[in-house]
Structure formats: structure tokens, C-alpha cells
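**Student:** Pasting a predicted model and its sequence here:
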Amino acid sequence: MKNTDKTSALDLKLTDFLCFAVYSTNLAFGKAYKPMLERLGLTYTQYITLVALWEEDNQTVGSLGEKLFLESNTLTPILKKLEAMGYLMRQRDPEDERQVRISLTKEGRKLREGLTEDGFPQTGLDPDDFVQMQKAIVKLRGNLIRSTKDRE
């Protein structure tokens, strides 16, 4: 919503909501990623799970969930599907049986090699604007997370 003293809730239009701008941009990203994801046979959530594992292999379910902002009950079915596809393995941590560790298989690592620059959506932003936009969105996310924790 706009941050002005003069705007009442009755005057707001859909385009005035920042949350709608972010939501509809997320939908646009989904459409832009669709050809690459279809080629890989992955959903977007499966893809970002693999990206997080390419960044750091052999993570616990908990640490992976924190990075992806996903609860364990949401992440587990994704991991099971990726395991069935042959891209990762789930194993109990030998040092702490309560923890499940996720590691990439050879096929999971190989999948990354098939990615090319032309498969990624183009934002049309110049590099400086891209970095500025990404930082602003991350800051917004942090602010929203903090504000919801304050209410708990």
C-alpha cells in the first residue's frame, strides 16, 4: 500500500499494493522460467532446492529449509520427489540420528552442467539496477519476517 497520510483504505486500487506488485512479478518469473524448467523436468521449488544444494552439498533438511524459507513438511515431499528422480540422497546423520542430511548424486551434480545462460529469464535490468533491486527485495523480506515475529 502507499505510505501517504491522504490515502484511505477505500481509495486504494490493486496497483497501489506493493504485495500485489511482488506477487504478480513472482507469477511473471514463473512464466519466464517455465521453458527451462520443463526442459529439466522440474518445478521451480525443485529447481531452487537443487540450486541451494549446488551451492552447499550435504546439508541437513533443517538448514536447507531455512535457506529456502520452507517448513520441513513442505520440503520433505520435494526432497522425496528429487530423490526418486535420482538427483539426491537423504540419509540420517551418523553423528546425530535426529538429523537427515541431503546430498547430491552424480546425476544431481550433472544436471547443473546442462544449464546455459540462454535458459535463464532476462529481467531487462542493467547490472547495477539488478543488484539494487535484489538488495531492496531482500531487505523487504527481512522487514516482513521481523514484523511477523514481533506479533508472535
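**Tutor:** Received, thanks.
**Student:** Quick check: the gap between residue 85 and residue 64.
**Tutor:** 17 Å (CB to CB, to the nearest Å). The way it works is simple: take the backbone N, C-alpha and C, and place the C-beta from them, glycine included.
**Student:** the more surrounded of these two?
**Tutor:** Under the neighbour definition other CB atoms under 10 Å, residue 85 and residue 64 were set side by side, and residue 64 has more, 21 against 15.
**Student:** thought that one was touching residue 78?
**Tutor:** No - between residue 64 and residue 78 there is no contact under CB atoms under 8 Å: 9.7 Å.
**Student:** what touches both of those two?
**Tutor:** Residues touching both residue 64 and residue 78 by CB atoms under 8 Å, 6 or more residues apart in numbering: residue 49.
**Student:** what's whichever helix in the chain runs longest packed up against?
**Tutor:** Counting residues, the longest helix in the chain under DSSP state H turns out to be helix 127-151. Applying 3 or more CB pairs under 8 Å, 6 or more residues apart in numbering; DSSP states H and E, one finds that helix 127-151 makes contact with helix 18-40.
**Student:** again, only this time at 6 Å
**Tutor:** Using 3 or more CB pairs under 6 Å, 6 or more residues apart in numbering; DSSP states H and E, no helix or strand is in contact with helix 127-151.
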